[in-house]
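Peer 1: 3D, please:
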Amino acid sequence: MKYVVLLRGINVGGKRIIKMDALRAMMDDLNFKNVKTYIQSGNIIFESDETDLQKITKTIETTLKDTFGFDVHVLVIESTRFHQMVDGNPYYSSTVDIKKLHGTIVEGNIENPNLLNDIETKGDEYVIGNGILYIQCAGDYHTSPLSNNILEKKLKLTCTTRNWKTMLAIKDMA
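Peer 2: Predicted structure coming up:
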């Protein structure tokens, strides 16, 4: 089975640095097959006979800690589910500015979407999908009130955000 792994919060602001060649080598050492990475933000595609997502997640998290010396939160998604997430973006079309689109992948279910109601979105829009928030920014994402950290605090769930160009590239690789 093919999987997409998204690492949360690595290689940001010069902290928690993981080189992609070292990450690929670590994944190879775990006997995952056809390991590929995409850019420096911790996007991994691989194949495995293992089907237990929790076991895969725990194995990768433990090995990251042992190898690089810090905790990294890992989100593992089956490739077919990742494809469905990308294909489900209601904002994506040939006429939209792709630089304004982002996907925030959520670990777990958003049980109470009303928790987001008090965010002053300043023109940014979002739609809640299955395990993902589709975000269309009016301005730049780095100034958005729908940032990853704010969403995590409101939802009390771990999230990781990727721009839409990255989401499309990972989908193509997966």
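Peer 1: For Thr158, give its distance to Glu111.
Peer 2: Using C-beta to C-beta, to the nearest Å, Thr158 is found at 14 Å from Glu111. No exception for glycine: its C-beta is placed from N, CA and C like everyone else's.
Peer 1: Gly103: neighbour count?
Peer 2: Gly103: 27 surrounding residues under other C-beta atoms under 10 Å.
Peer 1: Could you do the one 4 residues further on as well?
Peer 2: Taking other C-beta under 10 Å as the neighbour definition, Glu107 ends up with a count of 19.
Peer 1: from now on call the first residue 47
Peer 2: Noted, 47 is the first residue going forward, which turns the last one into Glu153.
Peer 1: confidence score at the closest residue to it other than its chain neighbours?
Peer 2: Nearest residue to Glu153, sequence neighbours excluded (C-beta to C-beta, 6 or more residues apart in numbering): Thr204, at 4.3 Å. On pLDDT, Thr204 comes in at 94.
Peer 1: for the one 3 residues further on, same thing?
Peer 2: On the pLDDT scale, Thr207 is placed at 96.
Peer 1: Report the beta-bridge partner residues of it.
Peer 2: Assessed by DSSP bridges, Thr207 has beta-bridge partners Thr150.
Peer 1: my guess is it meets Leu147, correct?
Peer 2: No: Thr207 lies out of contact with Leu147 (C-beta atoms under 8 Å); the separation is 11.0 Å.
Peer 1: any common contacting residues for these two?
Peer 2: Common neighbours of Thr207 and Leu147, using C-beta atoms under 8 Å, 6 or more residues apart in numbering, are Ile181.
Peer 1: Domain ranges for the chain, per the record?
Peer 2: 48-127, 133-210 (automatic domain parsing).
Peer 1: Strands of this protein, residue ranges please.
Peer 2: Listed in chain order, the strands of the chain (DSSP state E) span 48-54, 79-84, 89-93, 119-124, 147-152, 171-174, 178-182, 205-209.
Peer 1: Now that we have those strands, can you turn them into CSV and tack on distance to Ile63?
Peer 2: Formatted as CSV, the strands of the chain follow (distance: least, C-beta to C-beta, whole Å):
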stretch, distance to Ile63
strand 48-54, 12
strand 79-84, 14
strand 89-93, 16
strand 119-124, 16
strand 147-152, 22
strand 171-174, 31
strand 178-182, 27
strand 205-209, 17
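Peer 1: okay, the longest helix anywhere in the chain in CSV with CA atoms only?
Peer 2: Taking DSSP state H as the criterion, the chain has its longest helix at helix 99-114. C-alpha atoms of helix 99-114 as CSV (Å, rounded to 0.1, in the frame of the first residue of the first chain):
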residue,chain,number,x,y,z
LEU,A,99,-1.6,3.4,10.4
GLN,A,100,-1.1,3.7,14.1
LYS,A,101,1.8,1.3,14.0
ILE,A,102,3.4,3.1,11.0
THR,A,103,3.0,6.5,12.8
LYS,A,104,4.5,5.3,16.1
THR,A,105,7.4,3.6,14.3
ILE,A,106,8.2,6.8,12.3
GLU,A,107,7.8,9.1,15.4
THR,A,108,10.0,6.9,17.6
THR,A,109,12.7,6.6,14.9
LEU,A,110,12.7,10.3,14.2
LYS,A,111,13.2,11.0,17.9
ASP,A,112,16.0,8.4,18.1
THR,A,113,17.7,9.6,14.9
PHE,A,114,17.4,13.4,15.1
